[in-house]
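*Asks:* Sharing a model prediction with you, sequence too.
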Amino acid sequence: MGATLTQMQPDISYHPDFEKYRLRTERLKAIRPPNSGLPAGFPEQLTGPLVWEKKDFLDEREWSFSLNESHLEEIQNALQHFKSLNKLIGYVSQTTFPVPTLSPLLRQQAHALFSGRGFFVLRGLPIDSYTTEESIIIYAGISSHIASNWGRQDSKIIDGRKQSSMLNHLKDLSKTKVAGNIGAPAYTTDKQVFHTDAGDIVSLFCLQTAERGGESKLASSWRVYNELARTRPDLIKTLAEDWAFDGYGNKEQPYTVRPLLHYTPATEKNPERVVIQYARRGFTGFLHLPRSSNIPPITEAQAEALDALHFLAEKFSVTLDFQKGDVQYVNNLSIFRARDGFFYAPGRERHLLRLWLRDPELAWETPAALKTRWDELYKDVTEEEQVFPHEPRIRGGARKA
């Protein structure tokens, strides 16, 4: 890792530029190996309901689940039951937040996350009727019936005790005193390009929408894989090779290496799977968190691959009508997410809550190269260490996502 760096970082920024992408593709075409195929054993095409594009969803009822009055009454009773236990929110579970008739319906949706379309939106929570703490309890309680484990989004040792934030607030902080620390678009009004988070399932709870913009977009990474496998198998090879992930000032380990694309062959119990995990900002930098200059830059081929992922995801994406009170659940292993830039009026700031979830019953096998990161999220989490902040803050863990 101490070798002299001679290669320069390509001309690529966080915000994808189609013209630069087109020119780079033309420039690299001359040196591209002829007849380059897929890596050995990789599928020519993935099949199943996780492969989809915008035209496959003509009605939002195909991906939404609306709560009725009976469900809401059950949720209210579960909230009162949990509050009567006088326990920390880390103790929220299917047992302590019982919703007997709603639970099997939520479990059906959980199955759809892993073996169906890979996402759904829960609709109809009257959040203006709840306090912030009650909204968080309800969000955690409902989510426990989708996936029983939630992941650490940040961890600190305070007074000798480990405290892990399991919940993150996504809100514009660019006009606050912490603005100079922002290194991720989640804390700005800027658009978020297509990416994945960490963990198996990403969930977002909408407390307030923007005045204008902020639309949520999803794209099947399996559909993107199929298009690349058909038209540019050389980029599949590039994505499956090691990339240098920024350690952001970690002196002991300035960077780590792993692929962006992970292929798991079929077994007797499980079908073959492809998992693509990446956040573009880690390779281009964003705002006050540039990519470190003392680590290997990405290559021109990698820059092309990043743009290919984004523009294909954009081509095949579906836009969700994300409403106040909606809860979005997304299979982070098979779906890319993006968000448009937005505007808001004072007193009506767009505000989302986020959980990273895992369901031991339905979870896919974690690719070997991701296990260390997944352990940071999910391994040996205790009820006592869990913290669910009531106010937004920039998480330190953002340097790993």
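*Replies:* Yes, it's here.
*Asks:* check which helix or strand covers the residue minimising distance to the centre of the chain.
*Replies:* With distances taken as CA atoms, centre = their mean, Asp197 lies nearest the centre of the chain, 2.9 Å away. Assigned by DSSP states H and E, Asp197 belongs to no helix or strand.
*Asks:* Number the chain from 3, please
*Replies:* With the count now opening at 3, the last piece we talked about shows up as Asp199.
*Asks:* these two touch, right, it and Asn334?
*Replies:* Yes: Asp199 is within contact range of Asn334, at 5.6 Å (criterion: CB atoms under 8 Å). The way it works is simple: take the backbone N, C-alpha and C, and place the C-beta from them, glycine included.
*Asks:* and for those two, which residues touch both?
*Replies:* Trp358 (CB atoms under 8 Å, 6 or more residues apart in numbering).
*Asks:* And the residue nearest to the centre of the chain, how far from Tyr93?
*Replies:* Separation of Asp199 from Tyr93 (CB to CB, to the nearest Å) stands at 25 Å.
*Asks:* Leu230 now?
*Replies:* Taking CB to CB, one finds Leu230 at 45 Å from Tyr93.
*Asks:* what packs against the helix or strand that contains Ser86?
*Replies:* Assigned by DSSP H and E, Ser86 belongs to helix 71-87. With contacts defined as 3 or more CB pairs under 8 Å, 6 or more residues apart in numbering; DSSP states H and E, helix 71-87 has these neighbours: helix 134-146.
*Asks:* cutoff 10 Å now
*Replies:* Under the contact definition 3 or more CB pairs under 10 Å, 6 or more residues apart in numbering; DSSP states H and E, helix 71-87 sits against helix 105-117, helix 134-146.
*Asks:* what does it contact?
*Replies:* 67, 69-70, 91, 93-96, 98-105, 107-108, 124, 126-128, 131-132, 135-137, 139-140, 142-144, 147 (CB atoms under 10 Å, 6 or more residues apart in numbering).
*Asks:* Just the buried residues from those residues, in PyMOL please.
*Replies:* Selection of buried members from those for PyMOL, criterion 16 or more other CB atoms under 10 Å:
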select buried, resi 67+69+91+93+94+95+98+99+100+101+104+105+108+124+126+127+132+136+137+139+140+142+143+144+147
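*Asks:* returning to what we had before: thinking the residue nearest to the centre of the chain is in contact with Trp376, fair?
*Replies:* No: between Asp199 and Trp376 there is no contact under CB atoms under 10 Å: 12.0 Å.
*Asks:* partners of the helix or strand of the chain with the lowest mean pLDDT in the sheet?
*Replies:* One helix or strand of the chain scores below all others by mean pLDDT, DSSP states H and E: strand 156-160, with a mean of 84. For strand 156-160, the paired strands and their directions (DSSP bridges) are strand 163-167 (antiparallel).
*Asks:* now could you export just the CA positions of the strand it pairs with as PDB?
*Replies:* Below are the C-alpha coordinates for strand 163-167, written out as PDB (Å, rounded to 0.1, in the frame of the first residue of the first chain):
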ATOM      1  CA  ARG A 163     -20.100   1.700  27.200                       C
ATOM      2  CA  LYS A 164     -20.700   0.900  23.500                       C
ATOM      3  CA  GLN A 165     -23.500   2.900  22.000                       C
ATOM      4  CA  SER A 166     -24.700   2.100  18.500                       C
ATOM      5  CA  SER A 167     -27.100   4.200  16.500                       C
END
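*Asks:* strands paired with the following helix or strand past that strand, and their directions?
*Replies:* Using DSSP H and E, the helix or strand that follows strand 163-167 in sequence is strand 170-173. Strand 170-173 pairs in its sheet with strand 353-360 (antiparallel), by DSSP bridges.
*Asks:* Tell me what angle the partner strand forms with helix 134-146.
*Replies:* Here the directions of strand 353-360 and helix 134-146 differ by 30 degrees (axes from the mean of the first three to the mean of the last three CA atoms, to 10 degrees).
*Asks:* What's the first helix or strand after strand 353-360?
*Replies:* Helices and strands here follow DSSP H and E; after strand 353-360, the next one along the chain is helix 373-380.
*Asks:* Which strands or helices does that next one pack on?
*Replies:* Against helix 373-380 (3+ CB pairs under 10 Å, 6+ apart) you get strand 151-152, strand 257-260, strand 353-360.
*Asks:* Please produce CSV containing the ones you listed, extended by mean pLDDT.
*Replies:* Shown next, in CSV, are the helices and strands packed on helix 373-380 (pLDDT from 0 to 100):
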stretch, mean pLDDT
strand 151-152, 95
strand 257-260, 96
strand 353-360, 97
